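Undergrad: fold the following for me, if possible:
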Amino acid sequence: MKQILNRLINHENISTEEAKQVLVNISKGDYNQSQIASFLTVYMMRSITLEELQGFRDALLELCIPINLSDYNAIDLCGTGGDGKNTFNISTLASFVTAGAGVHVAKHGNYGVSSASGSSNVMEALGIHFSNKSDFLKHAIEKAGICVLHAPLFHPAMKNVAPIRKELGVKTFFNMLGPMVNPSFPKNQLVGVFNLELQRLYGYLYQETKTNYSIVHALDGYDEISLTGNTKIISNATETMLSPKDLNVEQINQSDIFGGDTLKSSAKIFLNVIKGKGTEAQNNVVCANAGLAIATVNKIDHQTGFELAKESLLSGKAKASLDTLIALSK
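TA: Residues are numbered from 1 along each chain as shown. This next block holds a predicted model:
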């Protein structure tokens, strides 16, 4: 590790194989906490290369506990986090809206590191049980249209890193990896990233897979479609710029999608929105993201996906999906 750290500090890059080996060694407990913390810190101060990101991704996918959900043609809606915006749980809500619209979802999530409330925090607070048992997850996706893949249950290799990430409390390159290491290897993905550089790297990596994907970044810094301005979307075939007008909705203010500073406030907003009592801005931003997920799987245009998402949310189908998953958790 000392040799790798010296090279990184000297602004040298490491190869795909070296990056992969570092994570394998971390999983085996070969390094002490200071070495791991230093390794994470270096990547906060320099850009990650395509080869390094690929090596880290390959290591985590190789080390994960896989789950086969290939029968369900599911999509994962997952953002990198780390955008520093403290929005409410948009992609998690959009996941239930997508499931309510009849599209299966395999939601990969984790506790928040740099935000007040990550996807797993809010779902746990609502009474959703996390499991890595295949039978339970398949039953959930069949009955509720969605199952939750809580990252720590599928990535035991990261147990040495989790406490350090929590203590650091800022985004690290593990934020960049989260959406790429879903243990069910979903055929479809809606991925949100926190900057344009990472979006470009994701685009290169996803081109090399058989995944049906949409990678989004809002130009004012969000790792999701925010409707606070334009959003760049990279998909299998195209790169497009989405403006709120394209969905026939008004541009919204950043304050409209703030999630509060506590888990309690996040959970309150979550329940309000899924019950159909959200503000127009909250509903629109959730449905813009769910709509793109629906459109990505069903290969329809985003506007049609958006209308299907609104129908799922406002008819109560999204809430029925949540209620079913909570009931199955008991």
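Undergrad: any idea how far Val113 is from Ile36?
TA: Here the distance between Ile36 and Val113 works out to 14 Å (CB to CB, to the nearest Å). Glycine gets a C-beta too; all of them are placed from N, C-alpha and C.
Undergrad: my read: Asn25 touches Gln35, true?
TA: No. The pair Asn25 / Gln35 is not scored as a contact, 9.8 Å apart, by CB atoms under 8 Å.
Undergrad: so which elements touch whichever strand or helix holds Asp76?
TA: For Asp76, the enclosing helix or strand under DSSP states H and E is strand 75-79. Packing contacts for strand 75-79, counted by 3 or more CB pairs under 8 Å, 6 or more residues apart in numbering; DSSP states H and E, involve helix 90-100, strand 105-109, strand 188-192, helix 280-298.
Undergrad: let's see that with 10 Å instead.
TA: The contact analysis (3 or more CB pairs under 10 Å, 6 or more residues apart in numbering; DSSP states H and E) places strand 75-79 against helix 90-100, strand 105-109, helix 119-125, strand 146-150, strand 188-192, strand 212-218, helix 280-298.
Undergrad: residues of stretch 45-65 that come out buried?
TA: 48, 51-61, 63-64 (16 or more other CB atoms under 10 Å).
Undergrad: same question for stretch 307-316.
TA: If you call a residue buried by 16+ other CB under 10 Å, then stretch 307-316 has these buried ones: Glu307, Leu308, Ala309, Lys310, Ser312, Leu313.
Undergrad: number of nearby residues for Lys133?
TA: Using other CB atoms under 10 Å, Lys133 is surrounded by 10 other residues.
Undergrad: how far away is the closest residue to Tyr202 other than its chain neighbours from Leu190?
TA: In space, Tyr202 comes closest to Ile215 once its chain neighbours are excluded; the distance is 4.9 Å by CB to CB, 6 or more residues apart in numbering. In this structure, Ile215 and Leu190 are 8 Å apart, going by CB to CB.
Undergrad: neighbour count: the two, which is higher?
TA: Just comparing Ile215 and Leu190: by other CB under 10 Å the higher neighbour count belongs to Leu190, 33 against 23.
Undergrad: ok, what's across the strand from that one?
TA: For Leu190, the residues forming beta bridges with it (DSSP bridges) are Leu77, Ser214.
Undergrad: for it, give me its contacts.
TA: Taking CB atoms under 10 Å, 6 or more residues apart in numbering as the contact definition, Leu190 lies against 75-79, 91, 94-95, 98, 105, 179, 212-216, 224-225, 233, 235, 289-297.
Undergrad: can I get stretch 110-119 in PDB, CA atoms only?
TA: Output for stretch 110-119, consisting of C-alpha atoms alone and laid out as PDB, is shown next (Å, rounded to 0.1, in the frame of the first residue of the first chain):
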ATOM      1  CA  ASN A 110     -27.100   2.100   1.500                       C
ATOM      2  CA  TYR A 111     -27.000   4.300   4.500                       C
ATOM      3  CA  GLY A 112     -26.200   7.900   3.900                       C
ATOM      4  CA  VAL A 113     -22.500   8.900   4.300                       C
ATOM      5  CA  SER A 114     -22.500  12.500   3.200                       C
ATOM      6  CA  SER A 115     -26.200  13.200   3.500                       C
ATOM      7  CA  ALA A 116     -28.700  13.400   6.300                       C
ATOM      8  CA  SER A 117     -30.700  10.400   5.100                       C
ATOM      9  CA  GLY A 118     -29.600   7.800   2.500                       C
ATOM     10  CA  SER A 119     -31.900   5.400   0.800                       C
END
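Undergrad: can you start the count at 50 instead of 1 from here on
TA: With 50 as the first residue, the last one maps to stretch 159-168.
Undergrad: not counting sequence-adjacent ones, nearest residue to the residue nearest the centre of the chain?
TA: Nearest to the centroid of the C-alpha atoms of the chain, with distances taken as CA atoms, centre = their mean, sits Cys127, at 1.8 Å. Excluding the flanking residues, the one nearest Cys127 by CB to CB, 6+ apart is Pro228, at 4.1 Å.
Undergrad: would the one you found count as being in a helix?
TA: Yes. With DSSP: H, G, I helix; E, B strand; the rest coil as the criterion, Pro228 is assigned to a helix.
Undergrad: returning to that earlier point: okay, and the common contacts of Ile264 and Leu239?
TA: Common neighbours of Ile264 and Leu239 (CB under 10 Å, 6+ apart) are Pro228, Ile282, Ser284.
Undergrad: tell me the one of the residues you listed nearest Lys324?
TA: Taking CB to CB as the measure, Pro228 is the one of those closest to Lys324, at 27.7 Å.
Undergrad: from Gly327, how far off is that closest one?
TA: According to CB to CB, Pro228 and Gly327 sit 25 Å apart.
Undergrad: more neighbours: which of the two?
TA: Comparing Pro228 with Gly327 by neighbour count (other CB under 10 Å), the higher total belongs to Pro228, at 25 against 22.
Undergrad: give me the angle between the strand holding Asp125 and strand 154-158.
TA: When axes from the mean of the first three to the mean of the last three CA atoms, to 10 degrees is applied, the directions of strand 124-128 and strand 154-158 differ by 30 degrees.
Undergrad: C-alpha coordinates for strand 124-128, CSV please?
TA: The C-alpha coordinates for strand 124-128 follow below in CSV (Å, rounded to 0.1, in the frame of the first residue of the first chain):
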residue,chain,number,x,y,z
ILE,A,124,-34.2,-1.8,-13.3
ASP,A,125,-32.2,-0.1,-10.5
LEU,A,126,-32.7,3.6,-9.8
CYS,A,127,-29.6,4.6,-8.0
GLY,A,128,-27.6,7.9,-7.6
